[in-house]
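[1] fold the following.
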Amino acid sequence: MGMSAWKRRTSVAAGGFCGRTRREFLWEMGAGFVGVALAGMLEEGFFAQQACAADGLTKWTNPLAPKKPPLPAKAKSVIFLYMYGGPSHIDTFDYKPAMKGMDGKTVAVKTFGRGGHKNQGRIVEPKWSFKQYGQCGKWVSDLFPHLGQCVDDIAFIHSMTADSPIHGSAMLQMNTGRILSGSPCMGSWVNYGLGTMSANLPGFVVMLDPRGGPISGAKNWSSGYMPASYQATVIGSGDTPILDLKRPKEISEPVQREMLDTLREYNSEHEARRGDNSNLAARIASYELEFRMQATAPEATDLSREPEPIQELYGLKDKRTEVFGRQCLMARRLVERGVRFVQVYSGGAHNDDNWDAHGDLMMNHTLHAGETDKPIAGLLKDLKQRGLLESTLIVWGGEFGRQPTAEYEKGTGRDHNAYGFTMWLAGGGIKGGRSVGQTDELGSAAVEDPYHVKHLHATVLHQLGLDPNRLSYIFSGLNQKLVGVERVDPIAEIM
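    Purely as a prediction, here's the structure:
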């Protein structure tokens, strides 16, 4: 039966679905996953959930339509390199020469981590040597010899603080601004404020470590109380990074296009009688995006198109760096094609599968720094040579740092440290070769120019041309913001 005849046969009468149940009707359509999803919405009373725009008055429009930033923008997109588990700042970028020769010494220092509150501990001397790099003379650990070559493009924040020393809540705060679940993540806020620059790719992409996802899972890239349009699309690092994207062999592109057009006609008729529904419109938009991605996403994620020198730059020829290198290269290709926010996770699952070095610090950080050093340096160099670093903001760090003292009676493991740790930014209008803030001589807490996670978020929004203190979304009758209720200024010293 031809599609036109099929459409006439299954046209919706005023009284219902021509004697069929809703599910039978949609199965006859042969629309596959689209039909099943729409059937579920009909049966679950989805259409009863009517909504307007955030102010409750404005007619709903496409939430991902590109928007002009209200302030002058230095950056167009963000790549957040998330080191899950908490890398040790004093073993990476926060040089502490005063600790030399103190290994094993018991000192009075207040710490708070997984092991609870302590007032003293056994010093674990930094296990790697440091040397100076670049014109700025930045001290960098031997863990990062490739990144050391890029320090003149990097601004280090050595006095970051967070509210929780526990992975789950600390990760939520780093991603959403709050230690409790249910709020939109930073990528969602960016897409809400600016929309997407690409009509054929997601505006927000997350790439996970193949060893597993982080604690709290999808809450870290959720759109929270915002519409689902703003949540991330999770893609892998293998040969098929986007699952379930390929069109079934038995369905041609013209047939699939006509199926979607037919569904849109029925949905439009339904909306015309019942008012606006942002959730329905967002779901329809996601079908349309997936249809367009079938043509564009395979090219965007096909790394075989990259020349050999570029693949070598990212470490794709080395088994140790191949996975993270593929993700960093894919991140460059995505922002190059208009994706607004990309987050790449180093470390997954639990214990030494991520940067959470509670036991053998040398084994743990040698593994994870070895996997990421060359790819991250390759990303910075590649973006710079393409003229993209000026418009792409790079953020590096984890949910917190680590203590200067041992967690256990024996061993080199360090506990969590939310009192003072290091993160860095590059590109997107950030002044390179800078180091701001300072922890004490042991790295146990921020003592000079302490900055909260909210200041980091404010800086990212500001560089994108968004006012962190005005970007808001009405929920539960309140103007919700990524940075919270009180005014938060960006970190001016690095801008």
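
[2] checking Leu64 next. Helix, strand or coil?
    Here Leu64 is coil, with the state taken from DSSP: H, G, I helix; E, B strand; the rest coil.

[3] contacting residues around it?
    191, 195-196, 203, 229-230, 285 (CB atoms under 8 Å, 6 or more residues apart in numbering). Just so you know, the C-beta spots here come from the backbone N, C-alpha and C atoms, and that holds for glycine as well.

[4] any weak-confidence spans in the chain?
    1-62, 237-253, 255-257, 260, 264, 267-301 (pLDDT under 70).

[5] find the centremost residue of it, please.
    With distances taken as CA atoms, centre = their mean, the residue of the chain nearest its centroid is Gln343 (3.0 Å).

[6] tell me the bridge partners for the residue nearest to that one when sequence neighbours are not counted.
    The shortest distance from Gln343 to any non-neighbouring residue, by CB to CB, 6 or more residues apart in numbering, is to Phe80 (4.4 Å). With DSSP bridges as the criterion, Phe80 is bridged to Gln343, Val395.

[7] what about Phe80, how many neighbours?
    Phe80 is flanked by 22 other residues according to other CB atoms under 10 Å.

[8] and for the one 5 residues further on?
    Taking other CB under 10 Å as the neighbour definition, Gly85 ends up with a count of 30.

[9] could you shift the numbering so residue one becomes 589, and keep it that way?
    Okay, using 589 as the starting number, the last item reads as Gly673.

[10] and the helices in the stretch 739-888 of the chain?
    Assigned by DSSP state H, counting those that start in this stretch, the stretch 739-888 of the chain shows helices spanning 755-764, 774-782, 841-862, 866-888.

[11] distance from the first one to the middle of the chain?
    The one in question is helix 755-764. Here the centre of helix 755-764 is set off from its chain's centre by 12 Å, with CA atoms, centre = their mean, to the nearest Å.

[12] just checking, what packs against it?
    Counting contacts by 3 or more CB pairs under 8 Å, 6 or more residues apart in numbering; DSSP states H and E, helix 755-764 packs against no other helix or strand.

[13] can you give me the angle it makes with helix 774-782?
    20 degrees (axes from the mean of the first three to the mean of the last three CA atoms, to 10 degrees).

[14] contacting residues around helix 755-764?
    670, 672-674, 750-752, 766-769, 771-774, 802-804, 807-810, 812, 944, 985-988, 1004, 1006, 1041, 1070.

[15] likewise the second one?
    The set of residues that contact helix 774-782 without belonging to it, under CB under 8 Å, 6+ apart, is 651-652, 654-655, 657, 666, 668, 763-765, 772, 791-792, 794, 809-812, 814, 817-820, 928-929, 931, 1045, 1048-1049, 1052-1054, 1059, 1061, 1070.

[16] mind putting the contacts of Leu652 into CSV with neighbour count and distance to Gly1031?
    Below are those laid out as CSV (neighbours: other CB atoms under 10 Å; distance: CB to CB, whole Å):
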residue, neighbour count, distance to Gly1031
Asn779, 26, 36
Gly783, 16, 41
Thr784, 26, 40
Gly791, 28, 37
Ser817, 24, 42
Tyr818, 25, 37
Ala873, 16, 47
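
[17] what is the burial count for the closest residue to Pro685 other than its chain neighbours?
    Spatially, and ignoring its direct neighbours in sequence, Pro685 is nearest to Phe718 (8.0 Å; CB to CB, 6+ apart). Neighbour count for Phe718, taken as other CB under 10 Å: 21.

[18] Phe718 against Ser729, yeah?
    Yes. Between Phe718 and Ser729 there is a contact under CB atoms under 8 Å: 5.5 Å.

[19] shared neighbours, these two?
    Tyr683.

[20] before we move on, back to that, mind checking which of the contacts of helix 774-782 are buried?
    Neighbour-count burial (16 or more other CB atoms under 10 Å) is assigned, among the contacts of helix 774-782, to 651-652, 657, 666, 668, 763-765, 772, 791-792, 794, 809-812, 814, 817-820, 928-929, 931, 1045, 1048-1049, 1052-1054, 1059, 1061, 1070.

[21] the closest residue to Leu669 other than its chain neighbours and Pro657: what is the separation?
    Leaving aside its sequence neighbours, Leu669 sits nearest to Trp984 (CB to CB, 6+ apart; 4.7 Å). Distance, Trp984 to Pro657, by CB to CB, to the nearest Å: 24 Å.

[22] could you do Gln737 as well?
    Going from Gln737 to Pro657 by CB to CB gives 32 Å.

[23] would you map the strands across the stretch 589-738 of the chain?
    665-671, 694-701, 704-710, 718-721, 726-729 (DSSP state E, counting those that start in this stretch).

[24] for the longest one, packing partners?
    Spelled out, that is strand 694-701. By 3+ CB pairs under 8 Å, 6+ apart, strand 694-701 packs against strand 704-710, strand 989-994, strand 1002-1005.

[25] which residues does it contact?
    Strand 694-701 is contacted by residues 705-711, 753, 991-993, 995, 1003-1007, 1030, 1032-1033 when judged by CB under 8 Å, 6+ apart.

[26] can I get the CA coordinates of it in PDB?
    Output in PDB follows, covering the C-alpha atoms of strand 694-701 (Å, rounded to 0.1, in the frame of the first residue of the first chain):
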ATOM      1  CA  THR A 694      53.100  13.700  61.600                       C
ATOM      2  CA  VAL A 695      51.800  17.300  61.500                       C
ATOM      3  CA  ALA A 696      48.800  19.200  63.000                       C
ATOM      4  CA  VAL A 697      46.500  19.800  60.000                       C
ATOM      5  CA  LYS A 698      42.700  19.800  59.800                       C
ATOM      6  CA  THR A 699      41.300  17.600  57.100                       C
ATOM      7  CA  PHE A 700      37.900  16.400  56.100                       C
ATOM      8  CA  GLY A 701      37.200  13.700  53.600                       C
END
